[in-house]
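[1] please find the sequence and the predicted model below.
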Amino acid sequence: MLVEWSDAYSVGIDDIDEQHQGIFQAAHRLYYAIINVEGEKVVDETLEFLQKYAAEHFQNEEAFMERHGYPRIEQHKKLHADFLERIDQVKEEYNVHLAPTQEMADSLLELTQDWLIDHIADVDSAYAEYVKRTAG
């Protein structure tokens, strides 16, 4: 199932919401390639994007949390590191096979979609709520 961006995923911080939408867009490109049985063609592109974009996004998000004194920042950083590690594992699998597969594309989409739903909707919304409560 393809997850569409909606206000339910908004953390109410424009820059961060925009970055989250970029991750949704990457997942959508991968999804449409998969249903056209061309998923293997975009695995490399998606992996490269996620490695770079997620790392940059996580740095921005963590800097934001530090600026606002978010008390659970270390746990949040660990979740970010875990996601990047999972992407690295898929990249390793890709390198071992020397070619992407449709199954790899499916797995990458599942990882990305699960993370988007769980992390953004639950974990990111927690720090956004904290900032809103403490800013006023």
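    On my side now, so go ahead.
[2] the one helix or strand L30 maps to: which residues count as buried?
    Element membership for L30 (DSSP states H and E) is helix 14-35. Using 16 or more other CB atoms under 10 Å as the test for burial, helix 14-35 gives 16-17, 19-20, 23-24, 26-28, 30-31, 33-34. Heads up, the C-betas are built off the backbone N, CA and C, glycines and all.
[3] and the worst-scoring helix or strand of the chain on mean pLDDT, what does it pack onto?
    The helix or strand of the chain with the lowest confidence, counting by mean pLDDT, DSSP states H and E, is helix 102-115 at a mean of 77. Counting contacts by 3 or more CB pairs under 8 Å, 6 or more residues apart in numbering; DSSP states H and E, helix 102-115 packs against helix 14-35, helix 39-67, helix 73-97.
[4] got the angle for the longest one vs helix 14-35?
    I take that to be helix 39-67. Compare the direction of helix 39-67 with that of helix 14-35 by axes from the mean of the first three to the mean of the last three CA atoms, to 10 degrees and you get 160 degrees.
[5] on contacts alone, who are the packing partners of helix 39-67?
    Helix 39-67 packs on helix 14-35, helix 73-97, helix 102-115, helix 125-135, going by 3+ CB pairs under 8 Å, 6+ apart.
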